[in-house]
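**Q** Need a 3D model of the following:
(chains A, B, C and D)
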Number of protein chains: 2
Amino acid sequence: MSPSALPYRPHNHDACVAQALTEARTICQQHNARLTPTRERVLELIWQSHKPLGAYDVLAVLAADGHNAAPPTVYRALDFLQQHGLVHRIASLNAFVGCTHTDKKHHGLFLICRCCGNVLELTAPGVSDAVQNAAADEAFQPDNMTIEVSGTCPGCTSDTTHD
Amino acid sequence: MSPSALPYRPHNHDACVAQALTEARTICQQHNARLTPTRERVLELIWQSHKPLGAYDVLAVLAADGHNAAPPTVYRALDFLQQHGLVHRIASLNAFVGCTHTDKKHHGLFLICRCCGNVLELTAPGVSDAVQNAAADEAFQPDNMTIEVSGTCPGCTSDTTHD
DNA sequence: TAGAATTTGCAACATTATAACATTAGCAAA
DNA sequence: TTTGCTAATGTTATAATGTTGCAAATTCTA
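**A** Numbering: from 1, shown residues only, chains lettered A, B, ... in the order given. Below is the predicted model:
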């Protein structure tokens, strides 16, 4: 998905997966980190799915690939990808999505459609600031924030058929 | 914990648990809902712990009580308590805390101390509004939001000993 | 009190995640 | 080119969290 595309708008998804992988390679080079075949494949699978993918979903595809993988393989790859900001974990779904803002330092805000399951990641600096202020009022030093909003996306508000 | 107390300040915790239970009884009466012994006991346990309590932690205490409970017992009680706004689930911890704002309609914001494990719930209307605006910009209709901030609480910033 | 609805008990199971330890791959210095 | 180091992966087992389905008991209501 290119940065300007929305998950529920038609787009050339193969191209956006390819772009995400290219960016990931660049980022890993910059971080001096190794985007090994397993890690790259996991990232690809997460990107291919527009919707959050569970660790065991990834595992199932790897198995179908012929890769005799066990859970630690997947969780390790996911940890790596998270550490380098390439995927995010959605705590309320126990699932993972590709990061669509690898370029910017950000705290993600996720809009999760209950109806179609798509997730849109926003950077929403206004929200970050509001949270920072609320924390500061309590003399609390934040270092990580989880902001997940579930509801209905524009596609599902208007349509009767859903992805 | 009385509404004005902070979890990391010393206070008469027995009294605040008792107050929470009294409020819960009132709320359930208003909702025409039954705060059965099991449900009340689960609520009490969650309140007695200042820190988020996992479902299986609750289960263990029930077992120690002599109550031969199985996981569904606990999860059902927790579902009930959540539905009536008496407890919140912290998605990033898979754990539950007593709601400290049962009086107001609110979307909770949780400050979770990585160091001592205490959680402070805020109402933070500014944050809610900022999230609403961000969602509205995307034509997204929110119906539930999870906002969890982990970091360091004032007690742990200054102290060397922690609860 | 009889019937309906809610709540609980209980057993099995499903899903998500981690621990512990052995093995292999990549890479640099002797 | 071997040796030794570190990072990465394989493998097995298990822990932790959460759900389904159905029967029994309790509570409400007419």
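**Q** C-alpha from now on. contacts and neighbour counts both.
**A** Noted.
**Q** Stretch A:43-58 and DNA strand C, any residue contact?
**A** Yes: applying CA under 7 Å from any atom of the strand, one finds stretch A:43-58 touching DNA strand C at A:Gly54, A:Ala55, A:Tyr56, A:Asp57.
**Q** One more: stretch A:79-89?
**A** No: on the criterion CA under 7 Å from any atom of the strand, stretch A:79-89 is out of touch with DNA strand C, staying 8.1 Å away.
**Q** What mean pLDDT does that stretch get?
**A** Predicted confidence along stretch A:79-89 averages 98 (mean pLDDT).
**Q** Over to stretch A:143-152?
**A** Looking at stretch A:143-152 alone, the average pLDDT works out to 96.
**Q** before we move on, back to that, and the residues of stretch A:43-58 next to DNA strand C, which of them are in helices?
**A** Where the residues of stretch A:43-58 next to DNA strand C overlap with helices, as defined by DSSP state H, the overlap consists of A:Ala55, A:Tyr56, A:Asp57.
**Q** coming back round to it: which of the residues of stretch A:43-58 next to DNA strand C lies closest to A:Glu40?
**A** A:Ala55 (14.7 Å; CA to CA).
**Q** What subset of the residues of stretch A:43-58 next to DNA strand C is buried?
**A** The neighbour count (16 or more other CA atoms under 10 Å in any protein chain shown) marks A:Gly54, A:Ala55 as buried among the residues of stretch A:43-58 next to DNA strand C.
**Q** Say whether DNA strand C is contacted by the longest strand seen in chain A.
**A** Looking across chain A with DSSP state E, the single longest strand is strand A:141-152. No: contact between strand A:141-152 and DNA strand C is absent, the nearest approach being 14.0 Å (criterion: CA under 7 Å from any atom of the strand).
**Q** That strand: which residues count as buried?
**A** Those would be A:Gln141, A:Pro142, A:Met145, A:Thr146, A:Ile147, A:Glu148, A:Val149, A:Ser150, A:Gly151, A:Thr152, for strand A:141-152 by 16+ other CA under 10 Å.
**Q** quick check, nearest of the residues of stretch A:43-58 next to DNA strand C to A:Asn133?
**A** Distance to A:Asn133, by CA to CA, is smallest for A:Gly54 among those, at 33.2 Å.
**Q** Contact partners for the closest residue to that closest one other than its chain neighbours?
**A** If the residues on either side of it in the chain are set aside, A:Gly54 comes closest to A:Ala95, at 4.3 Å by CA to CA, 6 or more residues apart in numbering or on different chains. Taking CA atoms under 8 Å, 6 or more residues apart in numbering or on different chains as the criterion, A:Ala95 is in contact with A:Pro52, A:Leu53, A:Gly54, A:Ala55, A:Arg89.
**Q** Go again with 10 Å.
**A** For A:Ala95, the residues meeting the contact criterion (CA atoms under 10 Å, 6 or more residues apart in numbering or on different chains) are A:Ile46, A:Lys51, A:Pro52, A:Leu53, A:Gly54, A:Ala55, A:Tyr56, A:Asp57, A:His88, A:Arg89.
**Q** That one and B:Ser128, how far apart?
**A** For A:Ala95, the distance to B:Ser128 equals 24 Å [CA to CA, to the nearest Å].
**Q** hey, what's A:Thr146 bridged with?
**A** On the basis of DSSP bridges, A:Thr146 is bridged to B:Glu148.
**Q** Am I right that it is in contact with A:Val127?
**A** No: applying CA atoms under 10 Å as the test, A:Thr146 and A:Val127 come out as separate, 11.4 Å apart.
**Q** Can you pull the residues that touch both of these two?
**A** Contact criterion CA under 10 Å, 6+ apart; residues bridging A:Thr146 and A:Val127 by contacting each: A:His107, A:Gly108, A:Leu109.
**Q** For these, pick the one with the most neighbours.
**A** Within these, neighbour counts (other CA atoms under 10 Å in any protein chain shown) peak at A:Leu109, which reaches 24 neighbours.
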